[in-house]
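Peer 1: I'll drop the sequence and a predicted model, then ask my questions.
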Amino acid sequence: MENSLSREDGRNARRELNRRRIAAFALVIPLLVFIFFAFVAPIATILYRSVYNPVVSDLIPETLAALDAAEWDRADVPPDDVLNVFSAELSLLAQERLSGRLAEEINRAIPGMSSVVRSTSRAVRRMEQDTLLSEGGQTLLDANDRWGDVAVWRALQDAGAPYTEDYYLTALDLQRAEDGGIEARDGARIYVTLYTKTLRIALIITILTLILGYPLAYFLANAPSKSANMLMVFVLLPFWTSLLVRTTAWIALLQTNGVVNSFLMSIGVINEPMEILYTQTATILAMTHILLPFMILPLYSVMKGIDPSYLRAAMSMGGRPIPAFVRIYLPMTLPGLSAGALLVFIISVGYYITPALVGGTDGQMISNIIAFHMRESNNWELAAALGSLLLAIILLLYWVYDRFVGAGNIKLG
Amino acid sequence: MMKHLPAYYTIWHILGYYGLRLTAYLVLGFLMLPILIIVPLSFNVEPYFSFTQGMLRLDPDAYSLRWYEAIFTDQRWTLSIRNSFFVGALAAILATVLGTIAAVGLSSPVMPAKRLITALLLSPMIVPLIIIAAGMFFFYTGFGLVGSFTGLVMAHAVLGVPFVIITVTATLTGFDRSLFHAGVSMGASPLKVFWDVVIPLIRPGVISGGLFAFVTSFDEVVVVLFLAGPEQRTIPRQMFSGLREQINPTILAVATLLIVISVALLVTLEILRRRSERLRGEAF
C-alpha cells in the first residue's frame, strides 16, 4: 500500500505540534515568572539561610583574619596579637552599639557568654585604638578571665564561619565534638522530640478524622440525593468558615468556664471544671474538627461512584455485614481514603495557628517553634534549618501524594 | 422507616443501619455545633465566652448588640476590615488573571512538562504557611516589600493561585478545544477567540476560583503575622492578637459576621456550580 503521508506532511505536522506546544507554554510563563519571584525564591532563601550566617564574620572580620594569619591550632588561647586585634574590634563595635549582636551570637554557642561580652565591651569602649592594638589582650583578660578559656575562642572562630552546617546539627539535637566529630547534644533532645511529637499528633488527627469521616461519607454517599445534598451543607459550611472562627469556637467551648465545662457540671458528670484548653488534647480536638472536611470530601466523591449493589449482593447472598464490608467495599474506597489521609496528614504536620492559640506549651508543634525562633529568639538560621527539615518531610509526602493520587485531583467540594 | 430495609436483613444489619445513621448525625453535630454556638454567645451582654443564666432563661436583657457596636467604633477593627477586603480583592484579581491564563495553557494536551509544572503551581497549598511566611520575610525584605501592601498582595496571590488552577482546569476538562481552533480558522485573533468564546464558557470556574482565592486571603493570618506592619492589619490578624491578649466577645461578634459571609459564599458557589453544569450540558 502506498504511504498517503509525504515527508512534507510529516514536517508540517511536527511544526504545527511544536507551535502549539510553545503557545501552551507561553500561556503559563507569566504565572511561572510570578511564582518564581514571589514563592520559589523565598523558599530557596530559607534553604540558603539555614547554612549561611554572615553576622559574626561581618562583625569581627579583622579578628577572624588574624586567627587565620596566626595559623591558630585551636589547642591553646590564641597569641597576644590576635587578642589585641579583637579588643580593638570589640571597642569599635561597642561604640557603634553592635556588641550586643555579637554577644547574642556567642551566647548561643556558650550560654552565659552574653554578659561577658557586654561587660568587656563596656571596659574597652572608651580606650584608644592604638593602645588596644598594642596591649588590649591584657585588658580583655583583666576584664574577665573567660577570655583565657580556649573554648570561647573556638566558639568565636566557629561562629565566624559564614557557611556552616551547625544549625542542622542543632536542629537534629547534635553538636560538634571537640575533636571535630559529631556527637549527641548534652541535655534534652529538644527538636527530635518535637518532630516526633508533631508527627504523632498529625497521625492521631489523621486517624480520628478517618474514624469520624468514613461513616459519615458512607452515609452521605448512600442517602437519597435530596437529603444528601442538604446534609452536605453541614460539611461544606465548616469547610468554608474561617479557620480563626473555628479556633475561636473551640476556645469558647473548652475554657475553664466555657460551654463544655458548664454543661458537664450542670448535668453532674463532673464536679470540677476540666482543664482542656491550652493542652495537647485541645490541639488535637480543634484540628480534628478543622480538618475533618478534607477527609470527608475525597471519601464522599469516591464512594459516590461505587455501585451499592456490590455490597447488597454480598449481603443478600448471606455474607455477614462486617466481612462483606471489609472484603468488598473497603478496597474500593482506598483511593479516596489514601487521598484524604495524606491530605489531612500533610496539612496537620505544618499547622501553626490552632496549636498556637489552643495548645498551651504541651500542644505546640514544629511550626510553633519555628515561629518562636523567627519572632522571639531571633535565631533565624536555626528557624531556617528547622523549616528546611519540615519542608523535606512535606515534600516527601507531597511526592507520595502526587504519585498515588495526582496533585491535580485535589477536590474542593 | 423499617419498610425500606431489604427482607434479607438480619437483626445485625438493622442494628448496623441505625448505628450508622446515629454515628453520621453525631459527626454532623460535631462539625456544626462548635460553629453554631458562637452565634448566640456573640449577643451576650456580659463580657464572657459562656452562656449566662439569663441567656439560658431567654431573658431579653441578657442579650445585647454591644459587641457589634464595639466592632464599628473601634478603629483597629474598622481598619482591619477595610484592609482585609482591599488585600483580598487585589490578591484574588492577580491570582485569577495569571491563574486562568496559565490553566488554559496547562490543559492543552500538548503542554510540555505538564505534571511537573502543575505540581509546582499547586505546591503553595501544601508547603506549610510558616515556611512560606518565613521565606517571604527573608526574601521580600531585600525589596522593601515587608510592611507594604504590595508585598502582602503578592504573598496572598501566591496562596490563591492553586485554587484558581484547580477550578479553572476542572471547567476546562469539559471544554471542547475545537471551538477555539474553529474560531481561529475563521479568521478571529486568538486573543479575541479567548475573550469571546473561551472565557464565557469557563466563567463559572473562573469566578469560583477567584472566590476561593479571595477567601484564602481573607482567612490568612500566618503570612500577615510576618509581612504586615500595623497599617496592614487584617481581620484574622486582629482576631489572632485578640485571642492571645485580651479575650473579648467582640471577637465572637466578628466571628458571627464571618460565618454569615461564609454562608453567602457557599450559596454563590452552589449557584455557580449549577450554572457550570448547565453550560457544559449546552456545549455538547
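Peer 2: Sure, I can see it.
Peer 1: what about B:Ser107, how many residues close to it?
Peer 2: For B:Ser107, the count of nearby residues is 23 (other CB atoms under 10 Å in any protein chain shown). In short, each C-beta sits where N, CA and C put it, glycine included.
Peer 1: The nearest residue to it once chain neighbours are set aside: what's it in contact with?
Peer 2: Excluding its sequence neighbours, the residue lying closest to B:Ser107 (CB to CB, 6 or more residues apart in numbering or on different chains) is B:Leu172, at 4.2 Å. B:Leu172 is in contact with B:Ala103, B:Val104, B:Ser107, B:Ile202, B:Gly205, counting by CB atoms under 8 Å, 6 or more residues apart in numbering or on different chains.
Peer 1: tell me which of these is nearest to chain A?
Peer 2: Closest approach to chain A among those (CB to the nearest CB): B:Val104, at 5.5 Å.
Peer 1: which residues touch that closest one?
Peer 2: A:Leu27, B:Val168, B:Leu172, B:Phe194, B:Val198 are the contacts of B:Val104 under CB under 8 Å, 6+ apart.
Peer 1: Give me the subset of those lying in helices.
Peer 2: Using DSSP state H, A:Leu27, B:Val168, B:Leu172 are the members of the contacts of B:Val104 that sit in helices.
Peer 1: Now tabulate those residues in CSV and tack on pLDDT and distance to A:Glu16.
Peer 2: Shown next, in CSV, are the ones in helices among the contacts of B:Val104 (pLDDT from 0 to 100; distance: CB to CB, whole Å):
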residue, pLDDT, distance to A:Glu16
A:Leu27, 91, 17
B:Val168, 92, 26
B:Leu172, 86, 21
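Peer 1: got those as TSV, with distance to B:Thr256 columns?
Peer 2: Converted to TSV, the ones in helices among the contacts of B:Val104 look like this (distance: CB to CB, whole Å):
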residue	distance to B:Thr256
A:Leu27	42
B:Val168	32
B:Leu172	38
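Peer 1: Which single one of those is nearest to B:Leu120?
Peer 2: A:Leu27 (15.3 Å; CB to CB).
Peer 1: how close does the residue nearest to B:Ser107 get to B:Ala188?
Peer 2: In this view, B:Leu172 and B:Ala188 are 19 Å apart by CB to CB, to the nearest Å.
Peer 1: try A:Asn379
Peer 2: The value you get for A:Asn379 to B:Ala188, if CB to CB is used, is 59 Å.
Peer 1: more crowded one of these two?
Peer 2: Between A:Asn379 and B:Ala188, A:Asn379 has the larger neighbour count (other CB under 10 Å), namely 19 against 16.
Peer 1: right, and the more buried one touches A:His373 too?
Peer 2: Yes - counting by CB atoms under 8 Å, A:Asn379 touches A:His373, with 4.6 Å between them.
Peer 1: A:Met287 and A:Thr354 touch, don't they?
Peer 2: Yes - using CB under 8 Å, A:Met287 makes contact with A:Thr354 at a distance of 5.4 Å.
Peer 1: So between these two, which is more surrounded?
Peer 2: The neighbour count for A:Met287 versus A:Thr354, taken as other CB under 10 Å, is higher for A:Met287 (30 against 25).
Peer 1: In terms of helix, strand or coil, where does that one fall?
Peer 2: helix (DSSP: H, G, I helix; E, B strand; the rest coil).
Peer 1: what's it in contact with, if anything?
Peer 2: By CB under 8 Å, 6+ apart, the residues touching A:Met287 are A:Ile201, A:Ile205, A:Ser348, A:Tyr351, A:Thr354, A:Pro355.
Peer 1: tell me which element the second one falls in.
Peer 2: It stands for A:Ile205. In this structure, A:Ile205 sits in helix A:190-222 according to DSSP states H and E.
Peer 1: Now look at that helix and say if it contacts chain B.
Peer 2: Yes - using CB under 8 Å from any CB of the partner chain, helix A:190-222 comes into contact with chain B via A:Leu212, A:Gly213, A:Pro215, A:Leu216, A:Tyr218, A:Phe219, A:Leu220.
Peer 1: near chain B, which residues of the stretch 251-400 of chain A show up?
Peer 2: With CB under 8 Å from any CB as the criterion, the stretch 251-400 of chain A comes near chain B at residues A:251-253, A:255, A:257-259, A:262, A:289, A:292-293, A:312, A:315-316, A:320-321, A:346, A:349-353, A:356-357, A:367, A:370-371, A:374-375, A:380, A:383-384, A:387, A:390-391, A:394, A:398.
Peer 1: Show me these that map onto helices.
Peer 2: Assigned to helices by DSSP H, the following of those qualify: A:251-253, A:259, A:262, A:289, A:292-293, A:312, A:315-316, A:321, A:346, A:349, A:353, A:356-357, A:367, A:370-371, A:374-375, A:380, A:383-384, A:387, A:390-391, A:394, A:398.
Peer 1: Next one: A:Leu172 from A:Glu183, what distance?
Peer 2: A:Leu172 is 12 Å from A:Glu183, where distance means CB to CB.
Peer 1: what does the domain assignment say about the chain?
Peer 2: Using chain A here. Chain A breaks down by automatic domain parsing into domains covering A:1-36, A:56-161, A:190-409.
Peer 1: look at chain B instead
Peer 2: Domain assignment for chain B by automatic domain parsing gives B:2-62, B:84-283.
Peer 1: Out of these, the one nearest A:Ile190 is which?
Peer 2: Among those, domain B:84-283 comes nearest to A:Ile190, with 17.6 Å by CB to CB.
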